[in-house]
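**Q** pasting a predicted model and its sequence here:
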Amino acid sequence: MRIKLHEVPEEGREYILNRQTAELNSVLQDLVADHAYDIKVFLKPLNTKNFSLTGTIQTATIEICSACGDSFKFKVDTKVNEILIPSEFEPKNSQFSKSNHVSELDTDGPSVSEYKNDVFDLGEFVHEAIALVIPYNPKPETDDKGACRICLKTIPTELFSYDEKMSEQKKETPFSALKGLKLN
């Protein structure tokens, strides 16, 4: 779903997308399969070039538990807070190019996304937002005792470590061989 940004009114426009409206069914198929999704976003111009995009994304994906290997339904419920800016080509070594450091990440403020030719691809943006919420090692919810709600096995809470205590051998000095010698 591509939005022509010059058609967004000054007071903004709300977009409500779900499985029934079907605009994103094919775009999100690889992530959400046949699960329902509910996307509510509000797009408002900040000035003639920049826009504010806020809203929520609610859906579910099928993931494989990193602890037991069973498939489970992973719930996605995330908020969106973006500033849309026009994409400009920057040469590799221009004065404005720099590396993106994780230390610069501000999780409370808005993120920045770019658009090209006055068109914003909302489908691609939503697809990426859902994919970024899925953890590297997904695990289902646990009950009060720490057991998985799917397989009922206890999920370890501490991180796995290869740090083993090896048996210590007493280091011998070169003079220890002379210890048993006697002079006549």
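**A** Everything's here; your move.
**Q** ok, the most centrally placed residue in the chain to V80 distance?
**A** Nearest to the mean C-alpha position of the chain, by CA atoms, centre = their mean, lies L132 at 2.6 Å. Here L132 is placed at a distance of 11 Å from V80 (CB to CB, to the nearest Å). No exception for glycine: its C-beta is placed from N, CA and C like everyone else's.
**Q** same question for K40.
**A** 9 Å.
**Q** okay, those two: which has more neighbours?
**A** A direct count of neighbours by other CB atoms under 10 Å for K40 and V80 places V80 higher, at 19 against 15.
**Q** so what's the more buried one up against?
**A** 41, 53-57, 129 (CB atoms under 8 Å, 6 or more residues apart in numbering).
**Q** quick check on those: which are buried?
**A** 41, 53, 55, 57, 129 (16 or more other CB atoms under 10 Å).
**Q** nearest to N47 among the residues you listed?
**A** L53 (14.4 Å; CB to CB).
**Q** so what's the closest one closest to, chain neighbours aside?
**A** E82 (4.3 Å; CB to CB, 6 or more residues apart in numbering).
**Q** also A60?
**A** According to CB to CB, 6+ apart, the nearest residue to A60 is H35 (4.4 Å).
**Q** can you list the strands that the lowest-mean-pLDDT helix or strand in the chain pairs with?
**A** Lowest mean confidence among the helices and strands of the chain (mean pLDDT, DSSP states H and E): strand 111-115, at a mean of 88. Strand pairing for strand 111-115, using DSSP bridges, gives strand 71-86 (parallel).
**Q** and P86, how far from F51?
**A** 10 Å.
**Q** who's more crowded, the two?
**A** Between P86 and F51, F51 has the larger neighbour count (other CB under 10 Å), namely 22 against 14.
**Q** dihedrals phi and psi, the more buried one?
**A** With angles defined as degrees, to the nearest 10, F51 sits at phi -130, psi 150.
**Q** pretty sure it sits against V8.
**A** Yes: contact criterion CB atoms under 8 Å: F51 and V8 qualify, at 7.0 Å.
**Q** which neighbours do the two share?
**A** 43-45.
**Q** can you get me a residue count around V76?
**A** With other CB under 10 Å as criterion, V76 counts 19.
**Q** identify the bridge partners of it.
**A** Under the criterion used (DSSP bridges), V76 bridges to T59.
**Q** one more: the one 5 residues further on?
**A** With DSSP bridges as the criterion, the beta-bridge partners of N81 are T54.
**Q** what residues are up against it?
**A** Taking CB under 8 Å, 6+ apart as the test, what N81 contacts is 53-54, 109-111.
**Q** ok, back up a step: now the strand or helix carrying the residue nearest to the centre of the chain: buried residues?
**A** Under the criterion of DSSP states H and E, L132 resides in helix 122-133. Going by neighbour count (16+ other CB under 10 Å), the buried part of helix 122-133 is 122-123, 125-127, 129-130, 133.
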